[in-house]
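Trainee: 3D model of this:
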Amino acid sequence: MSQVKSAIVVGGSLAGMMAALALSQKGISSTILERAPKQDRRGAVLSVHAGARDQSSLAHFLRAVAAGDGRGIESWRMIHQRLQRAVEQDPNIQIKYDVRVKKVSQNGTSATAITDNEKYTADLLVGADGGHSQVRKYVNPEQPTAEFAGYQLWVGIVEEDRLPENLWLDQNTPDFMQYDGERGDFLFALVTPGMDGSTQRGHRQLGIAWYDNSRNEYLYQSGAVKKNQVIHSLNGASFPNELKNELRKEAKHCFPASYAKAVEIALENNFMVGTPISEYVATKISRGPITLVGDAAHALTPMTANGFNTSLDDAAILAELTDKYDNGSEIMVEFENERLPIIRRVVQAGQSFSRSYAGR
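Mentor: Predicted structure coming up:
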């Protein structure tokens with residue numbers, strides 16, 4: 001019988017919350033340490049297509065919580081809100097916001113996270129702290145950072161009713177369309193349900209995923225990328241007017257009127273985020289009773305449309321392994337053996353696109 005009763009999850013990301021929920025289904029209590037304050041955040045859109053991939057009851061459970069019926073695409077914001085609600089209602093999970101983890105360690109049988117004010121110890125520690133993972137630096141100090149893929153996404157989401165009514169999309173508009181820009185860039189134009197779940201005309205959301213390999217100089221000048229490493233994303237409020245005007249003009253010239261207007265609204269309201277894409281092909285994801293999940297383990301291009309599903313699989317498989325092994329270190333050895341070859345293939349598949357698109 002497993003002796004694992006507790007876990008620390010570093011990062012309240014989608015991957016981190018799914019890991020805590022999956023562990024809770026096995027009777028394991030978790031403390032999630034999230035560095036950001038609690039707030040309503042916007043994001044991009046995610047593919048939540050299940051296909052035939054969910055092979056366990058845990059995977060089915062996580063998809064039902066996060067993505068409802070698991071069809072089509074949904075806004076990151078809706079998925080995050082569902083998971084956050086489930087986490088906050090789960091008696092086995094405690095989530096702490098505005099907590100920065102400074103150091104992690106382990107002694108083979110337990111793991112520790114040290115913050116500015118407290119020390120947390122548990123049987124397992126799960127690093128779900130994203131592409132700039134602090135936990136990754138401990139797990140794999142020889143390969144601590146992801147690499148800039150050579151392009152970025154301008155991402156945003158706009159409620160349809162912010163557009164003039166004559167620009168609302170037809171009721172039967174496909175939920176995914178692609179349009180070419182004029183600089184080698186292209187737009188994935190997306191339609192998702194509204195925040196109330198409605199798919200009716202005027203109540204939906206328009207998602208913008210604008211791939212751009214032509215403005216890398218700006219990324220370096222702004223400090224968003226340094227020495228082939230992504231340092232941070234670009235908040236819409238920081239965009240210079242010249243850049244906003246360029247994006248607005250190109251959208252109007254190249255994209256359908258509804259999406260050109262959505263770009264304009266996103267820029268005006270600082271809903272747009274510039275996200276330099278990073279990729280991480282892991283050589284190691286576990287050390288003692290500590291492991292990595294989500295972007296900390298496999299940062300990959302959104303072009304694969306696999307980020308959410310791969311993170312869901314991480315969470316389900318990790319929790320399932322707690323039934324099979326007595327302690328955290330044994331669990332994490334098997335987790336790495338099972339997951340590492342798979343996540344490497346997923347990231348490498350995306351790299352073939354990235355290298356072609358970035359001209360490398």
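Trainee: Every contact and neighbour count from this point should use C-alpha atoms.
Mentor: Will do.
Trainee: Following element in sequence after the longest strand seen in the chain, please.
Mentor: Using DSSP state E to define each element, the chain has its longest strand at strand 147-159. Downstream of strand 147-159, the next assigned helix or strand under DSSP states H and E is strand 176-180.
Trainee: Run through the stretch 251-360 of the chain and note the low-pLDDT ranges.
Mentor: Counting by pLDDT under 70, the ranges of the stretch 251-360 of the chain that qualify are 360.
Trainee: which residue ranges form the helices in it?
Mentor: For the stretch 251-360 of the chain, the helices defined by DSSP state H, counting those that start in this stretch cover 257-268, 295-298, 307-321, 328-358.
Trainee: and the first one, what does it pack onto?
Mentor: The criterion is 3 or more C-alpha pairs under 8 Å, 6 or more residues apart in numbering; DSSP states H and E, and the helices and strands that helix 257-268 contacts are strand 147-159, strand 205-212, helix 241-254.
Trainee: For the longest one, which outside residues touch it?
Mentor: Outside of helix 241-254, the residues that reach it under the criterion C-alpha atoms under 8 Å, 6 or more residues apart in numbering are 179, 180, 181, 182, 259, 260, 261, 263, 264, 267.
Trainee: of these, closest to residue 239?
Mentor: Nearest to residue 239 among those is residue 267, at 8.7 Å by C-alpha to C-alpha.
Trainee: if I pick the closest one, what's in contact with it?
Mentor: Residues near residue 267 by C-alpha under 8 Å, 6+ apart: 236, 244, 248.
Trainee: As JSON lines, the residues you listed with neighbour count, distance to residue 121 and pLDDT would be great.
Mentor: Shown next, in JSON lines, are these (neighbours: other C-alpha atoms under 10 Å; distance: C-alpha to C-alpha, whole Å; pLDDT from 0 to 100):
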{"residue": "236", "neighbour count": "20", "distance to residue 121": "38", "pLDDT": "91"}
{"residue": "244", "neighbour count": "17", "distance to residue 121": "47", "pLDDT": "96"}
{"residue": "248", "neighbour count": "20", "distance to residue 121": "50", "pLDDT": "95"}
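Trainee: which ones are touching the closest residue to residue 37 other than its chain neighbours?
Mentor: Using C-alpha to C-alpha, 6 or more residues apart in numbering and skipping the chain neighbours, the partner closest in space to residue 37 is residue 98 (4.5 Å). Taking C-alpha under 8 Å, 6+ apart as the contact definition, residue 98 lies against 33, 34, 35, 36, 37, 38.
Trainee: repeat for residue 97
Mentor: Residues near residue 97 by C-alpha under 8 Å, 6+ apart: 33, 34, 35, 36, 37, 38.
Trainee: can you pick the most crowded of the residues you listed?
Mentor: residue 33 (25 neighbours; other C-alpha atoms under 10 Å).
Trainee: thinking that residue is in contact with residue 13, fair?
Mentor: No: contact criterion C-alpha atoms under 8 Å: residue 33 and residue 13 do not qualify, at 10.0 Å.
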